[in-house]
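Asks: Provided below are the primary sequence and the corresponding predicted coordinates.
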Amino acid sequence: MKYILALPRFLFKIYFVLIFFMVMIISYPIFKYWIKRGAQYQKVFLLEKKIAFVLQWLGLVPQKVVSNAGFPSPPYIVIANHNSYLDIVHMYTLVPDFYLFLGKSEILRWPILKIFFKGMNIPVKRGSRKASLEAQKIADEKLKGGNCLIIFPEGGIYKGAPKLSHFKNGAFKLAIENDIPIVPVTFVNNWRLMGDSQLFLDPSGPGISKTIIHESISTVAMNEKDLIALRNNCKEIIEAPLRSKYPKYF
């Protein structure tokens with residue numbers, strides 16, 4: 001069956017990529033102008049949210065929040081499982097407050113896409129402890145300035161979906177040091193709508209992206225000794241709906 005579905009899955013990927021780049025190219029001049037002016041980040045952010053909404057519908061992957069515990073007052077850190085490039089698109093229509101992504105620096109080398117990341121988000125060079133510490137310092141400053149952060153604790157798209165990879169400590173360390181809440185989010189089926197592995201055979205196709213916003217977790221009165229327990233608890237919260245829906249993968 002998977003070989004029969006290979007062609008339509010691949011064609012859907014091509015369709016989505018064409019829609020994505022068409023929208024990006026059209027909006028590129030506006031983004032470039034506003035970002036170069038520096039003080040227009042709020043306008044850029046609102047435009048990004050509108051573009052994400054358009055991409056969801058034109059790309060045939062609209063989002064539905066199936067369970068919503070809500071968001072606390074800023075600042076806070078949103079963490080989520082990361083199994084698809086759709087995760088980034090859906091974050092823009094999911095989170096109501098202004099935020100920055102803490103993400104891989106490789107995006108800064110991608111034509112067109114780099115203008116949407118540069119300046120407004122925090123790049124992390126993977127494999128470099130010095131660069132990682134510098135990114136953590138910038139993230140800490142942004143949180144102290146009242147900004148929210150989006151962090152994928154797995155550190156990148158995990159190929160073993162729907163299972164979660166090992167969570168890194170950065171998000172939880174930042175939350176504890178700043179006494180701010182963490183909001184766990186589960187992207188239930190993005191990995192099926194736009195898979196990332198095996199060009200032809202991985203799951204891909206139109207459908208409704210289902211998302212769960214879990215209850216926020218307070219880190220007030222926590223310290224470094226609580227970091228591992230907090231990390232493990234958050235992973236369990238995010239993974240629980242996936243275990244329930246896809247038991248054969250666990």
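Replies: Everything's here; your move. Residues are numbered from 1 along each chain as shown.
Asks: any idea how far Glu134 lies from Val17?
Replies: From Glu134 across to Val17, the span is 32 Å (CB to CB, to the nearest Å). All C-beta atoms are positioned from the backbone trio N, CA, C, and that covers glycine.
Asks: residues making contact with stretch 132-148?
Replies: Here stretch 132-148 makes contact (CB atoms under 8 Å, 6 or more residues apart in numbering) with 74-78, 95, 97-100, 102, 122-126, 149, 170, 173-174, 177-178, 180.
Asks: can you flag the buried ones in those?
Replies: 74-78, 95, 98-100, 102, 122-124, 149, 170, 173-174, 177-178, 180 (16 or more other CB atoms under 10 Å).
Asks: just these: which are in helices?
Replies: Gly170, Lys173, Leu174, Glu177, Asn178 (DSSP state H).
Asks: tell me the pLDDT at the second one?
Replies: Spelled out, that is Lys173. Per-residue confidence (pLDDT) for Lys173: 95.
Asks: where's the closest residue in space to it that isn't next to it in sequence, which helix or strand?
Replies: Nearest residue to Lys173 in three dimensions, chain neighbours excluded: Leu227, at 6.2 Å (CB to CB, 6 or more residues apart in numbering). For Leu227, the host element (DSSP states H and E) is helix 227-245.
Asks: distance between stretch 58-77 and the chain's centre?
Replies: Distance of stretch 58-77 from the chain centroid (CA atoms, centre = their mean, to the nearest Å) equals 11 Å.
Asks: picking that back up, I'd like the ones in helices among the buried ones among the contacts of stretch 132-148 laid out as JSON lines, including distance to Ala52.
Replies: Shown next, in JSON lines, are those (distance: CB to CB, whole Å):
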{"residue": "Gly170", "distance to Ala52": "25"}
{"residue": "Lys173", "distance to Ala52": "29"}
{"residue": "Leu174", "distance to Ala52": "25"}
{"residue": "Glu177", "distance to Ala52": "30"}
{"residue": "Asn178", "distance to Ala52": "27"}
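Asks: widest-spaced pair of the residues you listed?
Replies: Greatest spatial distance in those: Gly170 and Asn178, 12.5 Å, computed using CB to CB.
Asks: who are the contact partners of Ile213?
Replies: So Ile213 contacts Val65, Ser67, Asn68, Ala69, Gly70, Phe71, Leu94, Val183, Val185 (CB under 8 Å, 6+ apart).
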